[in-house]
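>>> What shape does this take:
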Amino acid sequence: MKSFTLFLLSSALILNSLAQETLSVNHLEQAAIRFTLNENHEMDQETKNQLSELIGDDQFVGIAEVHQSQQLSYFTTGFLALLNEKGFNHFALELGPNSAEVLQEISINSGEAGSKIRELNRRYGKNSFSKTPLIFADKVEDALFIDKAARLGYTFWGLDQEFAFSYEMHLDNIYKLEPNPDPQLTALYNECRSLIRKHIFKNKISGTGKNCWMMQNQKLDEFFNRFQGNEKAERIIQGLKATWDIYCRYETNRPSNQVRANYMKSNFDSLYTLSQKTESTPKVLVKLGGVHLTHGLSPFRVDDVGKYLHEKSMKLNTGFFSIRHLITYKNGKSNIGKSGWKEVTMFLELGQKDQWTMVDLRPFRQRVLSGELVTNDKYIHELTSYDLLLIPPDDKIGKINY
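The predicted structure follows:
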């Protein structure tokens, strides 16, 4: 009897293994939705309906982006309108909280974000890749979605540390908060401003990491101490000090990823709590780098923003919808087989040069977890981390707004 039972069990396992298929691009292709954007960066109504249905009533939507994508800025512009129709009116970005306030202020007047960002870039930055104060909002194409968000009434939420080239801008904004500065404060401000301007584009100062040096600088501390009791100034100063701590950890080879993630989650929680004073269920679009918006631990084993949103939405019985943005074609050339892209080859093979591609990954997640389909650990991570695959047509780096 025992041998007969073992025979039945082994037979069932063999039959189950024979019934299994390996997940392939052909499976994904059958579920692919293709679309284009019109001149206003909007998708056609049928595609809007399909995407809206996929998102459903989820409270949080994340765009897990590949940074600096021109096409994604176009998509975000139209996507904001779709989400606004679903009750979304908060837009969280990979900016510091104080930089997000600057973004809010300069986008008050419709259509002026582009010129205002260009003005900031020229005042505080360089006409060079990533050497601008408002990172990920510093491109010509970014101004499109910033203006769109402002017109639709979105509030900008800054979750991250302040960017490395924003310090002079924030110092100026602190100084402006004193309506009647005395000569000593003005002299101290000018000295601190000169220090930052001299060193802002360096990595090290006298052999010390730039941010560690900023943390230890007595003149900056003296300037900051003059604003004790000024709530807004103290908030900017706190943001700068938190930023320098995170960067200094990196400069001295100490763990920083989890500290940074905790800071982003704390900022989200503070902003969410504040928004609850006027809204029962704030709905938020979050646009961060891809590793930050996984449902579980990030690829770096960090308990990041995506996991936080997943768990928060579970507690609230709402939902978190994460969009995995990848790029197949850039400047007319394929990324397939290139370093850094090999592990997502099957996804990239879905991309087309002249159309957007999106695929709902959740049914494939279910089929893999149930054993109906098999795949490797990398794709299991992708399927359990993200809900929608989004691939643009031929892409390129956005143009610096300078």
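
>>> next one: phi and psi at residue 286?
When read as degrees, to the nearest 10, the backbone of residue 286 gives phi -120, psi 120.

>>> how long is stretch 36-52 from one end to the other?
End-to-end distance of stretch 36-52 (Cα to Cα, to the nearest Å): 16 Å.

>>> Going forward, count from 47.
With the count now opening at 47, the last piece we talked about shows up as stretch 82-98.

>>> quick one: average pLDDT of it?
In this model, stretch 82-98 has an average pLDDT of 97.

>>> Helices of the stretch 97-246 of the chain, residue ranges please.
116-131, 143-152, 159-170, 188-197, 213-221, 229-245 (DSSP state H, counting those that start in this stretch).

>>> Also the stretch 247-396 of the chain?
Counting by DSSP H, counting those that start in this stretch, the stretch 247-396 of the chain has these helices, from start to end: 256-262, 264-271, 277-297, 303-321, 351-362, 391-394.

>>> Quick check, central residue of this structure?
Closest residue to the average C-alpha location of the chain: residue 334 at 0.7 Å, with Cα atoms, centre = their mean.

>>> any idea of the pLDDT on the closest residue to that residue other than its chain neighbours?
Leaving out its chain neighbours, the residue that sits closest to residue 334 by Cβ to Cβ, 6 or more residues apart in numbering is residue 140, at 4.9 Å. Glycine gets a C-beta too; all of them are placed from N, C-alpha and C. If you check residue 140, the pLDDT there is 98.

>>> Over to residue 174?
Residue 174 is assigned 87 on the pLDDT scale.

>>> Residue 58 now?
Looking at residue 58, its pLDDT is 40.

>>> Skip ahead from the lowest-mean-pLDDT helix or strand in the chain and say which helix or strand is next.
Sorted by mean pLDDT, DSSP states H and E, the helices and strands of the chain end with helix 48-65, the least confident at a mean of 44. With elements assigned by DSSP states H and E, the helix or strand that comes after helix 48-65 is strand 67-68.

>>> Which neighbouring elements make contact with that following strand?
Here strand 67-68 touches strand 419-420, going by 3 or more Cβ pairs under 8 Å, 6 or more residues apart in numbering; DSSP states H and E.

>>> residues contacting residue 368?
107-108, 110, 339-341, 352, 431-434 (Cβ atoms under 8 Å, 6 or more residues apart in numbering).

>>> can you put the helices of the stretch 247-396 of the chain in JSON lines and add mean neighbour count?
Formatted as JSON lines, the helices of the stretch 247-396 of the chain follow (neighbours: other Cβ atoms under 10 Å):
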{"stretch": "helix 256-262", "mean neighbour count": "19"}
{"stretch": "helix 264-271", "mean neighbour count": "15"}
{"stretch": "helix 277-297", "mean neighbour count": "18"}
{"stretch": "helix 303-321", "mean neighbour count": "17"}
{"stretch": "helix 351-362", "mean neighbour count": "19"}
{"stretch": "helix 391-394", "mean neighbour count": "20"}
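
>>> that older thread, in strands only, show me the contacts of residue 368.
Using DSSP state E, the subset of those located in strands is 107-108, 110, 434.

>>> Provide a list of residues in contact with the nearest residue to residue 66 once chain neighbours are set aside.
Distances taken as Cβ to Cβ, 6+ apart put residue 420 closest to residue 66, at 5.3 Å, once the chain neighbours are dropped. Contact partners of residue 420, counting by Cβ under 8 Å, 6+ apart, are 66-69, 414.

>>> wait, which of the contacts of residue 368 is closest to residue 389?
Of all the contacts of residue 368, residue 389 sits closest to residue 431, with 12.8 Å by Cβ to Cβ.

>>> just to revisit the earlier point, quick one: which of the ones in strands among the contacts of residue 368 has the most company?
residue 108 (29 neighbours; other Cβ atoms under 10 Å).

>>> Distance-wise, check the closest residue to that residue other than its chain neighbours relative to residue 364.
Leaving aside its chain neighbours, residue 108 sits nearest to residue 339 (3.9 Å; criterion: Cβ to Cβ, 6+ apart). Using Cβ to Cβ, to the nearest Å, residue 339 is found at 16 Å from residue 364.

>>> what about those two, which has more around it?
Legend: neighbour count by other Cβ under 10 Å for residue 339 and residue 364, higher for residue 339 (29 against 16).

>>> Looks like that one contacts residue 353 (just checking).
No. With contact defined as Cβ atoms under 8 Å, residue 339 does not reach residue 353; the gap is 9.1 Å.

>>> got a list of what residue 425 touches?
Contacts for residue 425 (Cβ under 8 Å, 6+ apart) come out as 69, 392, 414.

>>> check contacts around the nearest residue to residue 234 once chain neighbours are set aside.
Nearest non-adjacent residue to residue 234, counting by Cβ to Cβ, 6+ apart: residue 269, 5.1 Å away. Neighbouring residues of residue 269 by Cβ under 8 Å, 6+ apart: 217, 220, 231, 234-235, 238.

>>> Which of these are buried? Put it as a PyMOL command.
Per 16 or more other Cβ atoms under 10 Å, the buried members of these correspond to this PyMOL selection:
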select buried, resi 217+220+231+234+235+238
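
>>> Let's have the contacts of residue 269 in JSON lines, adding distance to residue 181 and pLDDT.
Shown next, in JSON lines, are these (distance: Cβ to Cβ, whole Å; pLDDT from 0 to 100):
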{"residue": "217", "distance to residue 181": "18", "pLDDT": "98"}
{"residue": "220", "distance to residue 181": "20", "pLDDT": "98"}
{"residue": "231", "distance to residue 181": "30", "pLDDT": "98"}
{"residue": "234", "distance to residue 181": "28", "pLDDT": "98"}
{"residue": "235", "distance to residue 181": "25", "pLDDT": "98"}
{"residue": "238", "distance to residue 181": "22", "pLDDT": "98"}
